[in-house]
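Chemist: Give me the fold of what follows.
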Amino acid sequence: MKAYLYLIVLTLAGMAFLPLFGQQNPSRVEQLEAKLSQVEGVQKVNVLLQLVEALRMSSPKDAKEYGQEARKLSEKLDFTLGVMNSNYVVGELEKEDRRYKRAANRLEESVAAARKLKEVDDLLRSLDLLKKVYILDKRQNKWVETEKEIQSIRQRVNLDEKTELLADLEQDYDKKVRELSVTRSQRSRLAREKAEVEDELAETTEEKLRQEAELALLAQEKAELELATSQLEKEAAMAALDVVEKENALLQSNAKLKRQQFWQVVLTLGLLSSIAIIFLLVRYQRLKRQSEEEKLQTQRQLLMQEKMATLGQLTAGIAHEIKNPLNFVNNFAEGSLELSEELAETLEQEKENINGENYDLSLEIVQDLKANANDILENGKRADRIVHSMMEHARGGDGQPQLTEVNTLVADNLNLAYHGYRANSPSFQLEMVTELEENLPPITLVPQDLSRVLLNVINNACYALNEKQQQKIEGYRSKLSIKTAKEGEELVIRITDNGPGIPADIRNKIFNHFFTTKPTGDGNAGLGLSICYEIVVQNLGGKLEVESEEGAFTTFTIRVPYTSNREILGSAA
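Modeler: This next block holds a predicted model:
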């Protein structure tokens with residue numbers, strides 16, 4: 001435990017002094033930038049790499065830009081060494097920015113260049129950093145293959161060094177053996193001479209005495225030669241012993257190296273553990289603050305839900321109060337239409353008793369009254385449908401499945417959503433395009449559920465279009481199109497707007513609960529699209545899909561199966 005505490009203290013101290021080491025002499029950077037405009041080709045690549053090293057601690061962004069420039073220039077010049085070094089430093093900077101896939105791409109190119117140059121040290125350096133990037137990117141197969149390649153190269157390098165050492169030892173040994181063989185040949189030659197002398201001594205005594213004297217000398221020389229031979233044999237034995245000792249020393253050095261590597265791994269793991277502990281402590285504090293913020297946000301969302309529920313009840317009450325006088329308007333419009341028809345018939349009967357001009361004028365007035373009554377009745381029914389939709393939407397999803405005309409439901413909800421949004425934003429203008437398939441078969445479902453989905457999606461589209469309209473883009477005109485169609489056994493409704501689009505990084509989050517891009521107080525606290533998704537997928541057994549291009553368009557596609565929906569409704573019944 002104490003060791004980990006010491007490691008944590010050392011790590012914090014290193015992090016505190018790291019900015020001091022990262023400070024660079026501005027004059028050095030200025031000199032290199034001035035020199036950069038004076039050189040070309042390979043020299044320019046080298047100056048760019050020097051700028052990367054000078055700026056990597058104080059300005060990583062500028063260092064990365066110089067590294068990218070060095071990499072492109074090296075590729076253009078087919079300068080393999082520059083390709084290797086520039087890709088390596090850019091890979092390091094991408095790794096520090098936690099862009100591990102980009103870092104892996106750069107380091108793979110550095111490894112390829114090192115292989116091409118057959119530079120073992122540079123190859124091991126690039127492979128070692130590439131392995132770390134694979135580990136951080138959680139690409140297990142890749143970093144295992146890279147580790148195997150690193151171990152293979154290191155074993156091959158160690159084997160080459162051992163081979164060279166063994167070759168030197170073999171040369172020394174062969175030299176000693178050759179010297180020993182020369183000595184042995186001299187001994188054999190002396191033995192032959194001794195035999196000749198002994199034969200000559202057998203002829204005469206004098207010669208024998210003389211030869212005995214010579215033999216004594218020869219014996220002395222023989223002793224000296226034997227002494228020299230034994231000395232050479234000792235030297236050969238010592239050489240062999242040296243070979244064995246060197247092999248033992250090599251084995252001991254390998255064992256020592258392995259122990260050093262083991263302790264390096266232990267220290268690295270300890271350092272990583274301390275960093276992980278610090279990270280977890282920081283993350284705990286951050287999560288604690290985040291949980292407090294989420295708690296406050298949840299309270300705000302609950303308050304917003306209560307407001308929305310109260311607003312729904314108020315909407316239902318207002319719609320109910322409007323419906324009664326609206327019924328009177330529709331009834332009196334129908335009565336006025338019938339009275340105008342009766343009046344026209346009465347004029348026709350009394351045509352003979354009325355002046356021609358008065359008759360024509362009266363008939364024209366009756367026709368106008370009939371047309372006015374018909375217009376009042378038509379718009380009253382349209383208002384009645386809107387009020388009915390408002391009441392159904394405010395009532396929620398407690399309705400019963402019924403046979404529903406989709407085109408009528410879509411048109412009513414489009415008008416309701418548009419005019420409802422314009423009530424809050426009178427300056428909002430919208431071009432609406434409807435492509436409703438003729439003879440579209442009705443579908444059995446809860447119309448309130450589909451109305452809630454349509455209102456939420458259309459309201460979000462109006463919000464996005466209004467935001468883009470506020471930017472005053474020249475030539476821009478807000479446009480919303482709705483298409484209905486039957487594709488196979490599915491009812492398909494496509495709602496497309498030419499608004500700002502949805503960014504790719506949040507496109508897969510828009511159906512999550514409480515996720516919203518609107519400011520606090522706008523919308524329904526991030527529940528609209530999540531409720532739509534649950535209604536379409538769970539209640540209606542369909543699919544809700546989104547397709548978007550940032551700055552161009554957004555399309556929501558609602559798919560409700562005819563067959564599956566009937567089965568779901570049948571089982572619910």
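Chemist: tell me which residues of stretch 460-468 are tucked away?
Modeler: 460, 461, 462, 463, 464, 465, 466, 468 (16 or more other C-beta atoms under 10 Å). From N, CA and C alone the C-beta is placed, and that goes for glycine too.
Chemist: now do stretch 541-551
Modeler: Those buried within stretch 541-551 under the rule 16+ other C-beta under 10 Å are 541, 542, 544, 546, 548.
Chemist: Tell me the spacing between the first one and residue 488.
Modeler: Think residue 541. Here residue 541 is placed at a distance of 15 Å from residue 488 (C-beta to C-beta, to the nearest Å).
Chemist: what's the answer for residue 146, then?
Modeler: Distance of residue 146 to residue 488, given as C-beta to C-beta: 49 Å.
Chemist: do the same with residue 261
Modeler: From residue 261 over to residue 488 (counting by C-beta to C-beta), the distance is 64 Å.
Chemist: number of nearby residues for residue 56?
Modeler: 20 (other C-beta atoms under 10 Å).
Chemist: Check residue 353 too.
Modeler: 7.
Chemist: mind checking how far it is from residue 347?
Modeler: 10 Å.
Chemist: again with residue 544
Modeler: From residue 544 across to residue 347, the span is 58 Å (C-beta to C-beta).
Chemist: just the strands in this protein please.
Modeler: Assigned by DSSP state E, the strands in the chain fall at 402-404, 431-436, 443-445, 479-487, 490-497, 543-549, 553-561.
Chemist: possible to save those as CSV with mean pLDDT and distance to residue 107?
Modeler: Below are the strands of the chain laid out as CSV (pLDDT from 0 to 100; distance: least, C-beta to C-beta, whole Å):
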stretch, mean pLDDT, distance to residue 107
strand 402-404, 88, 60
strand 431-436, 91, 52
strand 443-445, 88, 56
strand 479-487, 93, 48
strand 490-497, 94, 43
strand 543-549, 90, 33
strand 553-561, 92, 38
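Chemist: closest one to residue 28 among those strands?
Modeler: strand 543-549 (46.4 Å; C-beta to C-beta).
Chemist: Quick check: can you name the pairing partners of that closest one and their directions?
Modeler: Counting by DSSP bridges, the strands paired with strand 543-549 are strand 553-561 (antiparallel).
Chemist: As PDB, could you dump the C-alpha coordinates of the partner strand?
Modeler: Taking C-alpha atoms only, strand 553-561 is exported to PDB below (Å, rounded to 0.1, in the frame of the first residue of the first chain):
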ATOM      1  CA  PHE A 553     -32.600  17.500 -44.400                       C
ATOM      2  CA  THR A 554     -34.100  15.100 -41.800                       C
ATOM      3  CA  THR A 555     -36.600  12.400 -42.600                       C
ATOM      4  CA  PHE A 556     -38.600  10.400 -40.000                       C
ATOM      5  CA  THR A 557     -40.200   7.200 -41.300                       C
ATOM      6  CA  ILE A 558     -43.100   5.600 -39.400                       C
ATOM      7  CA  ARG A 559     -43.800   2.000 -40.400                       C
ATOM      8  CA  VAL A 560     -46.900   0.200 -39.000                       C
ATOM      9  CA  PRO A 561     -47.600  -3.300 -40.200                       C
END
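Chemist: Show me the contact partners of that strand.
Modeler: Strand 553-561 is contacted by residues 443, 445, 450, 453, 457, 461, 464, 489-499, 501-502, 536, 540-548 when judged by C-beta atoms under 8 Å, 6 or more residues apart in numbering.
Chemist: can you state the direction angle for that strand and strand 479-487?
Modeler: Interaxial angle, strand 553-561 versus strand 479-487 (axes from the mean of the first three to the mean of the last three C-alpha atoms, to 10 degrees): 30 degrees.
Chemist: tell me which residues in strand 553-561 are buried?
Modeler: Residues 553, 554, 555, 556, 557, 558, 559, 560, 561 are the ones in strand 553-561 that count as buried (16+ other C-beta under 10 Å).
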